[in-house]
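In: this is the structure alone, sequence omitted:
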Ligand SMILES: [Zn+2]
């Protein structure tokens with residue numbers, strides 16, 4: 001059975017991953033959220049396994065961008081993250097070590 005990891009190390013920093021219901025960003029419900037200062041990723045607990053995996057990859061890419069310290073506008077970051085997520089998901093079988 002597929003399980004979401006509880007934590008991952010990104011460029012030497014530990015990020016926590018939590019499943020949660022009703023995640024809101026600026027008052028709007030969303031599938032996942034990356035809290036960059038807390039190094040915390042939240043994933044909607046009610047999503048299907050596939051959707052959880054896609055959301056986790058998406059949020060991990062936000063975390064990776066944060067750890068890389070590159071300066072990208074919020075809109076551009078969203079486009080980059082979503083495109084890489086789809087590409088990775090469609091191209092590779094992704095498993096957690
Ligand atoms: Zn995003």
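Out: That came in fine, so what should we check first? Note that the structure is a prediction, hence the values are computed from the model and not measured.
In: top strand in the protein by residue count?
Out: In the chain, taking DSSP state E as the definition, the longest strand is strand 13-20.
In: which strands or helices does the helix or strand in which residue 78 is found pack on?
Out: Assigned by DSSP states H and E, residue 78 falls within helix 74-91. Applying 3 or more C-beta pairs under 8 Å, 6 or more residues apart in numbering; DSSP states H and E, one finds that helix 74-91 makes contact with helix 49-68. All C-beta spots, glycine's among them, are computed from the backbone N, C-alpha and C.
In: as a whole number, average confidence for the helix it packs on?
Out: Averaging pLDDT along helix 49-68 gives 95.
In: now do the buried residues in the longest strand of the chain.
Out: For strand 13-20, burial by neighbour count (16 or more other C-beta atoms under 10 Å) applies to 15, 17, 19.
In: ok, residue 56 - how many residues close by?
Out: Other residues lying near residue 56 total 23 when counted by other C-beta atoms under 10 Å.
In: that one and residue 39, how far apart?
Out: For residue 56, the distance to residue 39 (C-beta to C-beta, to the nearest Å) stands at 15 Å.
In: if we can go back for a sec, for the longest strand of the chain, what is the average pLDDT?
Out: 97.
In: next SSE downstream of it?
Out: Later in the chain than strand 13-20, the nearest helix or strand by DSSP H and E is strand 23-25.
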